[in-house]
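A.B. asks: all I have is the shape, not the residue letters:
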């Protein structure tokens, strides 16, 4: 891995939080992701399942974590199952985790080779009543591929039909949403790498560069700072492309006078950052662009202040909508009649700001978190309002990542990334 080894104490704490919420006499099993095929013998780069990584730190394919806090013997209470390494594998693929190295990474003392999993699981099932299965219940999930986790669930149900079933995901949704100090440091590192990429791009952009050249500048800076690369597919959207919310073609030339919406950020050690900035191709914003930009910035600043313990996500978005409506009135994009006659299910401001303002962030860019439950300290959220005006040929979105504090305003992990108009123009023209 490119990243520095994470202190195993983080994973020890994470497992303790999970097992504390398990039912008596229950087992929980977590599988790594598959390596997904492309065609012929080509595969996509391996990306670890975030749940097994969160609980063990193991960042390797064909791995299984088993937790059984009420097991008869201490050495059965947490176990790893790994693909057995060999000289052949070491030559062709590079060394895999040894049992000793797996303990260093995870803090788990009992490590078996994968071929022993079914035999060991059978013994554990004779002592337990319930098994926790790890289904994907994220509110934005659309899964069309049968995952390794799904195959395990199918096999387990046919092999052990008399056992009760429980779900891991509700526990993970809660504990993963509140970050440990070590996790905040990792997310901060991802944000700092993103900052370096943004500074590089500010000095690179000029009329007639292409969106893909800007993408290349970012990835260069990210990888040279120990990131695997982008935390998500980057959006480099110049001109009217910014009005396509998930524009990822990144293949157009950037024209003088246009704006470029950059929704692009680095990962570090599987933790995400999520930044959006909107910059002028020619190094200067015109007056209309400035007016809209500052309106978005004011909404972002006011929205950020609301991210405090006890806040409900749904009510928060209603309040942000009111602030955005005021700004759109000031810009002349809507009028009082639009607001008075608006459909409560789709308010007038949604014509120009049609997405949400904030989402949880962490190991996943759209991270785990129960949106129906009050916000807590040490949750990490994005703040990303935007105004999109196809008729005027531009859209503006600004986004930072912030940590909810016990008291006061959130802590901005992107506080050092330029966002004020004067800062950006100065850096682009220096």
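C.D. replies: Happy to help now that I have it. All values derive from a computational prediction rather than experimental measurement. Residues are numbered from 1 along each chain as shown.

A.B. asks: I'd like the distance from the helix or strand of the chain with the lowest mean pLDDT to the chain centre, please.
C.D. replies: The helix or strand of the chain with the lowest confidence, counting by mean pLDDT, DSSP states H and E, is helix 87-92 at a mean of 79. Helix 87-92 sits 33 Å away from the centroid of its parent chain (C-alpha atoms, centre = their mean, to the nearest Å).

A.B. asks: and residue 215, helix, strand or coil?
C.D. replies: Per DSSP: H, G, I helix; E, B strand; the rest coil, the local secondary structure of residue 215 is helix.

A.B. asks: what's around it, how many residues?
C.D. replies: 21 (other C-beta atoms under 10 Å). The way it works is simple: take the backbone N, C-alpha and C, and place the C-beta from them, glycine included.

A.B. asks: thought it was touching residue 250?
C.D. replies: Yes: using C-beta atoms under 8 Å, residue 215 makes contact with residue 250 at a distance of 5.2 Å.

A.B. asks: shared neighbours, those two?
C.D. replies: 234, 236 (C-beta atoms under 8 Å, 6 or more residues apart in numbering).

A.B. asks: rewinding a little: name the residues that touch the least confident helix or strand of the chain?
C.D. replies: By C-beta under 8 Å, 6+ apart, helix 87-92 touches 83, 95-96.

A.B. asks: pull out the buried residues from that helix.
C.D. replies: Within helix 87-92, no residue qualifies as buried by neighbour count (16 or more other C-beta atoms under 10 Å).

A.B. asks: helices and strands around the helix or strand following it, which ones?
C.D. replies: Downstream of helix 87-92, the next assigned helix or strand under DSSP states H and E is helix 99-106. Other helices and strands packing on helix 99-106, by 3 or more C-beta pairs under 8 Å, 6 or more residues apart in numbering; DSSP states H and E, are strand 78-82, strand 110-113.

A.B. asks: now these in CSV, with mean pLDDT and mean neighbour count?
C.D. replies: Shown next, in CSV, are the helices and strands packed on helix 99-106 (pLDDT from 0 to 100; neighbours: other C-beta atoms under 10 Å):
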stretch, mean pLDDT, mean neighbour count
strand 78-82, 98, 24
strand 110-113, 98, 17
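
A.B. asks: which one of these lies nearest to residue 208?
C.D. replies: With C-beta to C-beta as the measure, strand 78-82 is the member of these nearest residue 208 (51.3 Å).

A.B. asks: and that closest one, which strands flank it?
C.D. replies: strand 64-67 (antiparallel), strand 110-113 (parallel) (DSSP bridges).

A.B. asks: which one of those lies closest to residue 140?
C.D. replies: Among the strands paired with strand 78-82, strand 64-67 sits nearest to residue 140 (C-beta to C-beta), with 24.8 Å.

A.B. asks: relative to the whole chain's centre, how far out is the closest one?
C.D. replies: Distance, centroid of strand 64-67 to centroid of chain: 24 Å (C-alpha atoms, centre = their mean).

A.B. asks: need the outlier residue of this protein, farthest from its centre.
C.D. replies: residue 337 (39.1 Å; C-alpha atoms, centre = their mean).

A.B. asks: for it, what is the enclosing helix or strand?
C.D. replies: Counting by DSSP H and E, residue 337 is part of helix 336-340.

A.B. asks: other residues contacting that helix?
C.D. replies: Helix 336-340 is contacted by residues 325, 329, 347-348 when judged by C-beta under 8 Å, 6+ apart.

A.B. asks: restricted to helices, list those residues.
C.D. replies: 325, 329 (DSSP state H).

A.B. asks: tell me the one among the contacts of helix 336-340 nearest to residue 141.
C.D. replies: Of the contacts of helix 336-340, the one sitting nearest to residue 141 (C-beta to C-beta) turns out to be residue 347, at 27.1 Å.

A.B. asks: can you tell me the closest non-neighbouring residue to the closest one?
C.D. replies: residue 321 (5.6 Å; C-beta to C-beta, 6 or more residues apart in numbering).

A.B. asks: quick one: contacts of whichever helix or strand comes after the helix holding residue 337?
C.D. replies: Once helix 336-340 ends, the next helix or strand along the chain (criterion: DSSP H and E) is strand 380-383. For strand 380-383, contacts defined as C-beta under 8 Å, 6+ apart pick out 179, 184, 187, 274, 300, 303-304, 307, 357-362, 367, 375, 399-404, 410, 413.
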